[in-house]
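In: need a 3D model of the following:
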Amino acid sequence: MLPGIDDGPGTLEGSLALARAAAAAGTRTLVATPHVSPRYFNDADTIARLVGELNTAIAAEGLELQVLAGAEIAASRVADLAEQELSRLALGASSWLLVECPLALSASSFDTIVLYLKERGHRVVLAHPERSPMFQRDPQLLSTLVEAGMLASITAGALVGSFGRDVQRFAQRLARDGLVHNVASDAHDHVQRPPTIAPEIDASGLGALAGWLTQDVPAAILSGAEIPPRPQAELDAPAGRGLRWFSRGR
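Out: Numbers count the residues shown, from 1 in each chain. Predicted coordinates:
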């Protein structure tokens with residue numbers, strides 16, 4: 001969402017185009033989560049400055065959208081970050097850190113790192129676990145981390161095949177097994193990776209959970225309230241042919 005600091009928009013105009021698309025899609029609060037990783041060495045000061053500049057530009061356009069600061073933290077950077085810096089990278093000044101799930105096949109220390117964050121008093125949201133080969137190979141590991149108090153945030157596009165059929169099936173499986181707490185846009189621009197969520201949720205048959213996934217849980221994260229329990233809801237079959245999901249009997 002923030003211009004020029006990672007793989008998102010390269011310019012302020014690109015950020016504003018994304019903001020316009022988000023507002024048109026019905027989003028009113030958006031958390032900017034630029035990468036804090038070995039490739040993108042961002043820090044809380046830079047993120048806060050750019051969020052302020054972007055909110056000023058959004059207000060000048062009269063858009064009904066507020067951008068809050070956050071970050072998507074690579075597990076490999078956790079040991080490098082001071083406690084104060086980690087706290088300032090939390091989602092919207094909450095106690096929740098968004099930690100990027102590894103996209104590599106081997107990430108043997110990931111669970112140790114996120115459990116270490118919990119021991120230090122942080123709360124953890126796991127970013128796009130449906131795209132992580134580690135969790136695809138061992139779904140029980142994700143279940144264990146959720147039982148330890150972590151939340152799973154999947155990408156809306158994953159539900160409709162934007163990252164391939166295998167990821168789509170796995171995202172559906174996680175959602176129907178009760179291992180998903182939030183669906184996020186993970187938008188990078190207004191065209192290729194746009195900030196849409198509702199159409200993907202509806203197409204995936206999760207419409208009965210839309211309010212919980214996109215409003216109730218995110219609001220609780222940002223306010224520091226207790227995470228509301230998942231509603232008991234009858235889910236529809238996903239749109240389209242040939243997509244099957246697997247139930248673990250939850």
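In: burial count for the closest residue to A210 other than its chain neighbours?
Out: Leaving aside its sequence neighbours, A210 sits nearest to I201 (Cβ to Cβ, 6 or more residues apart in numbering; 5.0 Å). Where you see a C-beta, it was placed from the backbone N, CA and C, and this is true even at glycine. I201: 21 surrounding residues under other Cβ atoms under 10 Å.
In: let me see the contact set for I201.
Out: By Cβ atoms under 8 Å, 6 or more residues apart in numbering, the contact list for I201 reads 156, 159, 183, 207, 209-210, 213-214.
In: pLDDT on the top helix by length along the chain, on average?
Out: Counting by DSSP state H, the longest helix found in the chain is helix 44-61. Confidence for helix 44-61, expressed as mean pLDDT, is 98.
In: again, but for stretch 11-29
Out: Stretch 11-29 comes out at a mean pLDDT of 97.
In: can you give the contact residues for that stretch?
Out: Identification of contacts with stretch 11-29 by Cβ under 8 Å, 6+ apart yields 1-4, 8-9, 30, 53-54, 57-58, 61, 63-68, 185, 187, 189-190, 194-198, 218, 222.
In: using CSV, write out every CA atom in it.
Out: Taking Å, rounded to 0.1, in the frame of the first residue of the first chain, the C-alpha atoms of stretch 11-29 are listed here in CSV:
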residue,chain,number,x,y,z
THR,A,11,4.7,5.9,-6.5
LEU,A,12,2.2,7.9,-4.4
GLU,A,13,-0.2,8.0,-7.4
GLY,A,14,-0.1,4.2,-7.5
SER,A,15,-0.9,4.1,-3.8
LEU,A,16,-3.8,6.5,-4.3
ALA,A,17,-5.1,4.3,-7.2
LEU,A,18,-5.1,1.4,-4.8
ALA,A,19,-6.8,3.5,-2.1
ARG,A,20,-9.5,4.5,-4.6
ALA,A,21,-10.1,0.8,-5.5
ALA,A,22,-10.2,-0.2,-1.8
ALA,A,23,-12.8,2.5,-1.0
ALA,A,24,-14.9,1.6,-4.0
ALA,A,25,-14.9,-2.0,-2.8
GLY,A,26,-16.3,-1.0,0.6
THR,A,27,-13.1,-1.0,2.7
ARG,A,28,-13.1,1.8,5.3
THR,A,29,-10.0,0.8,7.3
